[in-house]
Each structure stands twice: as structure tokens, then as C-alpha cells.
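# How does the following fold in three dimensions:
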Amino acid sequence: MDWTDFLGYLSSPNGIAVAVGIAISWLAEYIPGFKELLPKWKRLVVLGVNLAIPLLAATLGVLTAGWPASWEGTFWPAIVAGALAFGSSTLAHIRLLKRGSEEDA
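Model (predicted):
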């Protein structure tokens, strides 16, 4: 896998899921306050990471791999992929989210 393929992987829902899993495990391990956050705030952090990873990959693709710097061709697909990755992870953990929201109340 070369650099361009790697950036493309990070712009796909599967690649975002892998990168987010790694990022969240690092957050939980190295930033003590993350574990103390309420579930709704953790979800916002996860949403932010899900959007940041493909947007960073798209930006790096534009700067280093010659991707077009267009909204339609590069940045919008990155946002959609991030939203899909967040949505699928939320649906996969819906039972845990319901239990977490009951604890928030």
C-alpha cells in the first residue's frame, strides 16, 4: 500500500473505523479526563474524530498526492464517509447508548 492508497483507505468508512478505534483507545488511555466524560460528550468526541480523520486524509491527499482540491470530488466524499462511519458505529453500539443515556438522567 502506497501513500495515496493509504489516504484513500483513511477516506473510506472501513478505514475510518479502524483509525477511530485506534484514536479512541489512545484517548482513553492517555487522556485521563476522557474516561470521566458523560456518554453524550464521548459521542461528540467520536463524531469529531470520525469527521477529522477523512478530512485530514483528504487535505493530505490534496497537498501531497495530487488529489483535486474540489468540494465535490474530495472534501464532500470525506465528510460523507465520516458520517457513515459514525452512524454505523452508533448503530452497532445502540444498546450501550441507551444504557448510557439512562445513567445520564
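# now for the top helix by length along the chain, which elements pack on it?
When the chain is parsed with DSSP state H, its longest helix is helix 39-64. Contact here means 3 or more C-beta pairs under 8 Å, 6 or more residues apart in numbering; DSSP states H and E; on that basis helix 39-64 packs against helix 3-10, helix 13-30, helix 76-92, helix 94-104. Yep, even glycine has a C-beta here, placed from its N, CA and C like the rest.
# want to try CSV for those, with mean pLDDT and mean neighbour count as columns?
Shown next, in CSV, are those (pLDDT from 0 to 100; neighbours: other C-beta atoms under 10 Å):
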stretch, mean pLDDT, mean neighbour count
helix 3-10, 90, 16
helix 13-30, 86, 15
helix 76-92, 84, 17
helix 94-104, 56, 11
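# Need those in CSV (columns: distance to residue 53).
Converted to CSV, the helices and strands packed on helix 39-64 look like this (distance: least, C-beta to C-beta, whole Å):
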stretch, distance to residue 53
helix 3-10, 6
helix 13-30, 5
helix 76-92, 7
helix 94-104, 21
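# what residue lies at the spatial centre of the chain?
residue 50 (1.5 Å; C-alpha atoms, centre = their mean).
# who are the neighbours in contact with the residue lying closest to that residue once chain neighbours are set aside?
Leaving aside its chain neighbours, residue 50 sits nearest to residue 86 (4.0 Å; criterion: C-beta to C-beta, 6 or more residues apart in numbering). Counting by C-beta atoms under 8 Å, 6 or more residues apart in numbering, residue 86 touches 46-47, 50-51.
# can you check residue 1 too?
With C-beta under 8 Å, 6+ apart, residue 1 has these contacts: residue 9.
# Repeat that for residue 11.
By C-beta under 8 Å, 6+ apart, the neighbours of residue 11 are 54, 57-58, 61, 77-78, 81.
# now, the most widely separated pair of those residues?
Across these, the longest distance by C-beta to C-beta is 12.7 Å; it joins 61 and 81.
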